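Visitor: The sequence and its predicted three-dimensional model are supplied below.
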Amino acid sequence: MNLRHRVLLSALALSILVAPVYAQQSSSVTQADVQRLQDNVYLADRDISQLRSRDATRATQLVTELDDLRDEVVYLKVKLRKERTLSRTEYADVRDRIEDLRSRARGDNATAAAPVAPARVEPNPVPRPATPPSSTSTSTTASPRSTSGISALEIPVGTEVDVRLQNTLNSGTAQVEDRFEGTTVADINIDGRVAIPSGSVVRGVITAVEPGTRTNRTAKMTVSFDQVTVNGRSYPIRGTVTQAIEGEGIRGEAGRTAAGAGVGAIIGGIIGGFKGALAGILIGGGGTIAATEGKEVELPQGSILRVRLDSPVQIDTQTRR
């Protein structure tokens, strides 16, 4: 084999090794990844809203950073849609910056430095390995379950869960007792532990529906949620819809209907995945959704329903020893 053949074979072998790595870096980012960035921008906005009551000046500074990051997420979404490819490095940079902003908004660094956790552990004479992380739970079922490696986290009444609809709901076609599903947008944390991870399936049901007719210009539909599935196990819940937020879209708009207190402070002006309150509907007591424009009530797939838990939920979690 002459020198020329050796060079050609070496170049071919190198291309075979490099090609998969290049492909992974350039094409592994999906629309679902960008959707997660949009969800994180939404959560960052909520973190800043909560910070505003503690440190308004700091919150204002972070809002400026979040606006820039929001624009970058929109840019990535458009780029991926047009070019069909997106660098993993470019995606990771924006993702990490959003997480850093959320951490600063929550004050995670200050929380980590505070002596709260040691103060809870010191009085406990039991060796640390035998003490499950959920030992601070007030659940009466936590103690007997801890012997088998299971502890319970209780999600209190009034907790709000954001659920992304997997189906389109329309008062003109829906029937009472129709089932539908959604997935949680964000983690639900109790005592520093994840009780319901983001992406968990939540089951809903149509409990009442009044389609629009020539004599009934105000269509209505009532939906509730009765089950959540966490790590393959289903738990009964009682959840009432308090807000409906429009999903997807690039251009932001202020909510046209104030479906619940504080909706403007939480979702006003959000773009790239969350445009604001769904236009043309109004949510009343008991989760009844009414059309305000003489049309059918329609909740498109991808819409976000804010669900208030009307009863406590006990979630079993496997403790780590």
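Guide: Yep, that arrived.

Visitor: quick one, longest strand in this structure?
Guide: The single longest strand within the chain, with elements called by DSSP state E, is strand 233-248.

Visitor: Which strands and helices lie in contact with that strand?
Guide: Under the contact definition 3 or more Cβ pairs under 8 Å, 6 or more residues apart in numbering; DSSP states H and E, strand 233-248 sits against strand 160-165, strand 220-230, helix 263-267, strand 273-277, strand 281-283, strand 304-309, strand 313-318. Where you see a C-beta, it was placed from the backbone N, CA and C, and this is true even at glycine.

Visitor: Show me the shaky parts of this structure.
Guide: The chain contains residues with pLDDT under 70 at 1-27, 109-150, 248-276, 318-321.

Visitor: Could you break it into its assigned domains?
Guide: For the chain, the structural domains run 3-110, 151-318, going by automatic domain parsing.

Visitor: if we can go back for a sec, alpha carbons only: can I get the longest strand of the chain in PDB?
Guide: Taking only C-alpha atoms (Å, rounded to 0.1, in the frame of the first residue of the first chain), the coordinates of strand 233-248 have been written out as PDB:
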ATOM      1  CA  ARG A 233     -48.500   5.700  40.100                       C
ATOM      2  CA  SER A 234     -51.900   7.500  39.900                       C
ATOM      3  CA  TYR A 235     -53.300   9.600  42.700                       C
ATOM      4  CA  PRO A 236     -56.800  11.100  43.000                       C
ATOM      5  CA  ILE A 237     -57.000  14.900  43.100                       C
ATOM      6  CA  ARG A 238     -59.700  17.600  43.000                       C
ATOM      7  CA  GLY A 239     -58.600  20.500  40.900                       C
ATOM      8  CA  THR A 240     -60.500  23.500  39.600                       C
ATOM      9  CA  VAL A 241     -59.400  25.700  36.700                       C
ATOM     10  CA  THR A 242     -58.700  29.300  37.700                       C
ATOM     11  CA  GLN A 243     -56.900  30.700  34.600                       C
ATOM     12  CA  ALA A 244     -56.500  29.800  30.900                       C
ATOM     13  CA  ILE A 245     -53.300  30.900  29.200                       C
ATOM     14  CA  GLU A 246     -52.700  30.800  25.500                       C
ATOM     15  CA  GLY A 247     -49.800  28.500  24.500                       C
ATOM     16  CA  GLU A 248     -47.400  28.800  21.600                       C
END
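
Visitor: List the strands paired with it, with their directions.
Guide: For strand 233-248, the paired strands and their directions (DSSP bridges) are strand 220-230 (antiparallel), strand 273-277 (antiparallel), strand 304-309 (antiparallel).

Visitor: CSV for those strands, including distance to Arg58?
Guide: Formatted as CSV, the entries for the strands paired with strand 233-248 read as follows, by distance: least, Cβ to Cβ, whole Å:
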stretch, distance to Arg58
strand 220-230, 34
strand 273-277, 23
strand 304-309, 26
